[in-house]
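Colleague: make a model of this:
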Amino acid sequence: MFGIFKETEKVMDTYEQMQTILKSFLTYDLRELPSRYEFWYRVAIRQEELRTLQAAHRAKISMTSAVGRFHQVQYNSITQKLAKLERLADIYKMFCIEEEREGLNHRLHFHKETIAALYEHIQQKELYTYCDTVQQQFWEAVREDLLDAVAHLD
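Modeller: Have a look, this model is predicted:
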């Protein structure tokens with residue numbers, strides 16, 4: 001008699017999986033910032049930090065010295081990192097609007113398997129975070145897969 005009312009495992013749709021993945025990645029990316037701040041405030045702080053670093057490196061670029069070329073490489077790297085962070089933050093904003101759910105689910109349907117596999121990796125992230133370098137590499141790979149999965153959402 002008691003076996004009749006079994007709890008069914010909740011099946012997450014692609015929208016929920018992607019929302020969880022994005023939130024996990026952005027939380028990791030903002031980990032150094034104090035958690036007492038609101039999530040979106042921390043995102044804005046990180047973006048401003050990257051813009052400040054970008055401007056500092058840009059001012060010191062010189063192709064006539066090795067240090068100047070170092071600043072060029074750093075400027076390019078920070079520019080890419082800032083663009084990726086802004087893109088993922090904008091996508092996460094879309095996932096915070098419940099009215100967009102049906103449309104996003106439809107557009108994500110073509111990447112359902114990729115998103116499900118990425119979600120599984122996020123659920124087992126402890127396996128991939130046993131040291132700082134591996135953890136950083138894992139989250140970089142997650143970022144790239146996320147950007148590939150959301151490239152078509154515009």
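Colleague: which non-adjacent residue is nearest the spatially most central residue of the chain?
Modeller: Centrality entry for the chain: nearest residue to the mean C-alpha point is residue 25, 4.0 Å, by CA atoms, centre = their mean. Counting by CB to CB, 6 or more residues apart in numbering, residue 142 is the residue found nearest to residue 25 once chain neighbours are left out, at 5.5 Å. Yep, even glycine has a C-beta here, placed from its N, CA and C like the rest.
Colleague: any idea which element that neighbour lies in?
Modeller: Here residue 142, judged by DSSP states H and E, is contained in helix 132-150.
Colleague: do the same with residue 102
Modeller: For residue 102, the host element (DSSP H and E) is helix 101-108.
Colleague: so what secondary structure elements neighbour the least confident helix or strand in the chain by mean pLDDT?
Modeller: Using mean pLDDT, DSSP states H and E, the weakest-scoring helix or strand in the chain turns out to be helix 101-108, at a mean of 86. If contacts are counted by 3 or more CB pairs under 8 Å, 6 or more residues apart in numbering; DSSP states H and E, helix 101-108 sits against helix 14-29.
Colleague: can you pull the buried residues of the helix it packs on?
Modeller: 14-15, 17-22, 24-26, 28-29 (16 or more other CB atoms under 10 Å).
Colleague: and which of those is nearest to residue 153?
Modeller: residue 18 (9.6 Å; CB to CB).
Colleague: residue contacts, the closest one?
Modeller: 95, 104, 108, 115, 119, 149-150 (CB atoms under 8 Å, 6 or more residues apart in numbering).
Colleague: all set, thanks.
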